[in-house]
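Q: Test case, fold it:
(one chain, ligands or ions: 1)
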Amino acid sequence: MTSIPPQPEPSSDAGPGAPPAAPTGHGNATAAADVGAMFDRIAPVYDGMNAVISGFQEPRWRRRTVAATGLRSGMAAIDVATGTGKLAGSLADRVGPFGRVVGVDVSSGMLARARVAGADAPWLEFVVGDALALPAEDATFDAATIAFGMRNLPDYGRGFAEMARVVRPGGRVVCLEIARPQSLTGRLGRAWFERAVPVIGRLARQAEAYRYLVSSVRAYPTPDEVAAIMGQVGLVGVRWLPLTLGMVTVHVGLRPTG
Ligand SMILES: C[S@@+](CC[C@H](N)C(=O)[O-])C[C@H]1O[C@@H](n2cnc3c(N)ncnc32)[C@H](O)[C@@H]1O
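A: Next comes the predicted model:
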């Protein structure tokens, strides 16, 4: 597991009128209902904005995330905070028609788009629900994923614990999230992100939401702190993979078999 030194305490610049995203020490300070309402508002522009903000790297990040699940044909997965369902769709392609994928999100606006995009795969379903109280029985899935969702949750530990609860012993919990790069080029990329995203958000007439994006990223723990949280909720073999100069990471942990 790569080790990264502790970072200075991040500050929030969410600004007047924006939902606060300051760190609470263990999670995002914004209520799930407010976060869901904000994603309802930005749903129509979400995928296009993501492509631009990620420098069109996002499909590669999702492919690495799917690979990290270890899923095979016929297996079952849950994608938490699934949004417009892009990762869930890729998981559905991976497990095929004899498998099952459930996407869960608090935003019905995001899920409406996911259902349209996933209409040709009946083994893929989308359900409104909270990541901190997943609508699933214990040990139901072979893998649980979350992409760019964990930093939105009011309690990261509970988020990982819920994902661990619904995977079977030996199943994988996989988290793709924006991170704090350490290299000079990575830090330059991060500086571009922090300056460009609010401008792009204003151009899309979604200034508040994209100020929130920057502040929620600043509030999110470092990759080694995220790995420690995963260990605290009982996941084992936790490792993480930095992608695109460390601008994002894929964390993977296993539910113990014993
Ligand atoms: C940045 S989007 C990521 C969407 C998608 N996973 C992707 O990779 O594009 C964050 C998503 O998390 C959802 N979300 C935020 N808080 C949530 C919660 N407590 N439970 C479930 N979903 C939540 C939002 O509604 C939104 O769709």
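Q: residues contacting residue 132?
A: If a contact means C-beta atoms under 8 Å, 6 or more residues apart in numbering, then residue 132 has 32, 153-155, 158-159, 162 as its contacts. From N, CA and C alone the C-beta is placed, and that goes for glycine too.
Q: where along the protein do the helices fall?
A: Counting by DSSP state H, residue ranges of the helices within the chain are 32-53, 58-69, 86-95, 108-117, 156-166, 184-203, 207-219, 223-232.
Q: Spell out which residues of the stretch 101-250 of the chain are next to the ligand.
A: Residues of the stretch 101-250 of the chain that fall close to the ligand, judged by C-beta under 6 Å from any ligand atom: 105-107, 110, 130-132, 147-149, 152-153.
Q: Any chance of these in CSV with pLDDT as columns?
A: Rendered in CSV, the data for these read as follows (pLDDT from 0 to 100):
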residue, pLDDT
105, 97
106, 95
107, 95
110, 97
130, 95
131, 96
132, 95
147, 98
148, 96
149, 96
152, 93
153, 94
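Q: from those, which would you call buried?
A: 105-107, 110, 130-132, 147-149, 152-153 (16 or more other C-beta atoms under 10 Å).
Q: List just the nearest of those residues to residue 62.
A: When those are compared for distance to residue 62 (C-beta to C-beta), residue 147 wins out at 6.7 Å.
Q: Taking this protein, what residue is nearest to the ligand?
A: Among the residues of the chain, residue 83 lies closest to the ligand, at 2.4 Å counting by C-beta to the nearest ligand atom.
Q: measure that residue to residue 40 for me?
A: Applying C-beta to C-beta, to the nearest Å, one obtains 11 Å for the distance of residue 83 from residue 40.
Q: So, low pLDDT: which residues of the stretch 1-150 of the chain?
A: Under the criterion of pLDDT under 70, the regions of the stretch 1-150 of the chain flagged as low confidence span 1-25.
Q: can we see that at 80?
A: With pLDDT under 80 as the threshold, the stretch 1-150 of the chain has low-confidence stretches at 1-25, 29-30, 32.
Q: Find me whatever residue is spatially closest to residue 104, sequence neighbours aside.
A: Among residues not flanking residue 104 along the chain, residue 129 sits closest, at 4.4 Å (C-beta to C-beta, 6 or more residues apart in numbering).
Q: State the distance from that neighbour to residue 184.
A: Using C-beta to C-beta, residue 129 is found at 41 Å from residue 184.
Q: which of those two has more neighbours?
A: Each of residue 129 and residue 184 has its neighbours counted (other C-beta atoms under 10 Å); residue 129 has more, 20 against 9.
Q: For that one, list the residues it contacts.
A: Contacts were defined as C-beta under 8 Å, 6+ apart; by that measure residue 129 touches 104-106, 135.
Q: I'd assumed residue 181 was in contact with residue 187.
A: Yes: A contact is recorded between residue 187 and residue 181 when judged using C-beta atoms under 8 Å, the distance being 5.7 Å.
Q: Look at these two and report which has more neighbours.
A: Shown here are residue 187 and residue 181; by other C-beta under 10 Å, residue 181 has more neighbours (22 against 15).
Q: Let me know whether residue 45 touches residue 203 as I believe.
A: No: Residue 45 lies out of contact with residue 203 (C-beta under 8 Å); the separation is 10.1 Å.
Q: When those two are compared, which one has more neighbours?
A: residue 45 (16 against 12).
Q: neighbours of the closest residue to residue 183 other than its chain neighbours, just the number please.
A: Nearest non-adjacent residue to residue 183, counting by C-beta to C-beta, 6+ apart: residue 245, 5.8 Å away. Here the count is done by other C-beta under 10 Å, and residue 245 has 17 residues near it.
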